[in-house]
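Visitor: Make a model of this:
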Amino acid sequence: MSLFKVNQEKCKRDGICAKECPTKIISFTDEKFPTPVENAEEYCLNCGHCVAVCPHSALTLNKIILDDYPLVQKHLLPSGETIKEFLKSRRSIRKYQKKAVSHDLLAELIDLGRFAPTGSNKQQVHWIVFEDTAKIHQLSSLVIEWVKLMVKKIPDPITVKRMERLVSSWENGEDRIVHGAPHLIVTHASSNQPSASSDCVIALTYLELYAFSKGLGTCWAGYLTSAANAYAPLREALGLPEGHKCYGAAMLGYPQYQYNRIPDRNAPLVTWI
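Guide: Numbering: from 1, shown residues only. Below is the predicted model of the structure:
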């Protein structure tokens, strides 16, 4: 069976599909309709570029029904200025309302995250979503256990002081690991995959930006991410599969406070060549 089908009545033989194919598995000449090259199935990423880019809806992959490719709603796309303001006004949230996010909305966030780009279209990002605040508190306590162990091993006095403050806050009833967030979202993937780290980070970034558009707040849980890959009890509590690493974690919930201004940032560290 051919990798893809071409509707010859719709195809205008403009060659766009062949030009856009990232693995160059579409053969095209002006005299013929697009056809798969030899062993095309072996090299196809199933990325859907060929189907998505065709302006005539003339090409379909055998594994994907054309109706599974909804048309881009261009009238919904934001302007550059809107995106710029959106990105600049996003803040890391560390104070949350004692209000749970609905399961349906959490599922919607995860669903959006799957549209993030992944290396070779592997789509290898795994998610763990914590909705139980007691379980999240347990995870924070395990991170604190790891911090106490690390304090004895780290030579840098500044880092030691920061970690000691985390422990002190915890002992005084303040959680500075996930800041009392009602939800925690963890991404993980097989450590054998070359792009696993960037895939998970990009997917989690997609999720947190979409969360901001939904009135939610997020903050990356750096201490928990570090501890997850170094402390066996936390790894077990997270339920990470054998051979997987945690590549990112974010706390999530409704912000207790709203931000009204955009603080400036340092000038970009850039080299122009």
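Visitor: burial of Val201, as a residue count?
Guide: A count of nearby residues for Val201, using other CB atoms under 10 Å, gives 16. Glycine gets a C-beta too; all of them are placed from N, C-alpha and C.
Visitor: could you say what helices and strands the helix or strand containing it packs with?
Guide: Under the criterion of DSSP states H and E, Val201 resides in helix 196-213. The contact analysis (3 or more CB pairs under 8 Å, 6 or more residues apart in numbering; DSSP states H and E) places helix 196-213 against helix 80-89, helix 103-113, strand 183-190, strand 217-220, strand 244-253.
Visitor: Try it again at 6 Å.
Guide: If you count contacts as 3 or more CB pairs under 6 Å, 6 or more residues apart in numbering; DSSP states H and E, helix 196-213 packs onto helix 103-113, strand 183-190, strand 244-253.
Visitor: Now stretch 93-108: buried residues?
Guide: 93-94, 96, 101, 106, 108 (16 or more other CB atoms under 10 Å).
Visitor: Name all residues that make contact with the most centrally placed residue in the chain.
Guide: In the chain, the centroid-proximal residue (CA atoms, centre = their mean) is Ala203; its distance is 1.2 Å. Shown in contact with Ala203 (CB atoms under 6 Å, 6 or more residues apart in numbering): 113, 116, 125.
Visitor: And the pLDDT at the last one?
Guide: This means Val125. Note for Val125: predicted pLDDT of 98.
Visitor: tally of neighbours for Thr187?
Guide: A count of nearby residues for Thr187, using other CB under 10 Å, gives 25.
Visitor: Skip the chain neighbours and tell me the closest residue to it.
Guide: Nearest non-adjacent residue to Thr187, counting by CB to CB, 6 or more residues apart in numbering: Cys200, 3.8 Å away.
Visitor: Next, count neighbours for that neighbour.
Guide: Residues lying near Cys200 (other CB under 10 Å) number 28.
Visitor: distance of it from Leu209?
Guide: Separation of Cys200 from Leu209 (CB to CB, to the nearest Å): 15 Å.
Visitor: got it, and Lys161?
Guide: Between Lys161 and Leu209 the distance, using CB to CB, works out to 33 Å.
Visitor: more neighbours, those two?
Guide: Neighbour count, other CB under 10 Å: between Lys161 and Leu209, Leu209 has more, with 15 against 10.
Visitor: Read off the pLDDT value for the more buried one.
Guide: Predicted confidence (pLDDT) for Leu209: 98.
Visitor: residues in contact with it?
Guide: With contact set as CB under 6 Å, 6+ apart, Leu209 has no partners.
Visitor: Report the contact partners of Pro155.
Guide: With contacts taken as CB under 6 Å, 6+ apart, Pro155 has no neighbouring residues.
Visitor: Checking it next. Helix, strand or coil?
Guide: With DSSP: H, G, I helix; E, B strand; the rest coil as the basis, Pro155 sits in coil.
Visitor: How about the one 3 residues further on?
Guide: When the structure is split into helix, strand and coil by three-state DSSP, Ile158 lands in helix.
Visitor: How far does stretch 252-271 stretch from one end to the other?
Guide: End-to-end distance for stretch 252-271: 35 Å, by CA to CA, to the nearest Å.
Visitor: cool, and stretch 75-83?
Guide: Taking CA to CA, stretch 75-83 runs 15 Å from one end to the other.
Visitor: next one: stretch 27-36
Guide: For stretch 27-36, the end-to-end distance is 6 Å (CA to CA).
Visitor: For it, what is the distance to the chain centroid?
Guide: Centre-to-centre, stretch 27-36 and its host chain are 37 Å apart (CA atoms, centre = their mean, to the nearest Å).
Visitor: buried residues in it?
Guide: Using 16+ other CB under 10 Å as the test for burial, stretch 27-36 gives 28, 34-36.
Visitor: Averaged pLDDT, it. What do you get?
Guide: Rounded mean pLDDT across stretch 27-36 is 89.
Visitor: So what touches it?
Guide: Counting by CB under 6 Å, 6+ apart, stretch 27-36 makes contact with 3, 6, 8, 11, 15, 17-18, 25-26, 37, all of which sit outside it.
Visitor: Could you do stretch 129-144 as well?
Guide: With contact meaning CB under 6 Å, 6+ apart, stretch 129-144 is reached by 106, 170, 175, 177-178, 182, 184-185, 223-224, 227, 233-234, 237.
Visitor: buried subset of those residues?
Guide: 106, 170, 175, 177-178, 182, 184-185, 223-224, 227, 234.
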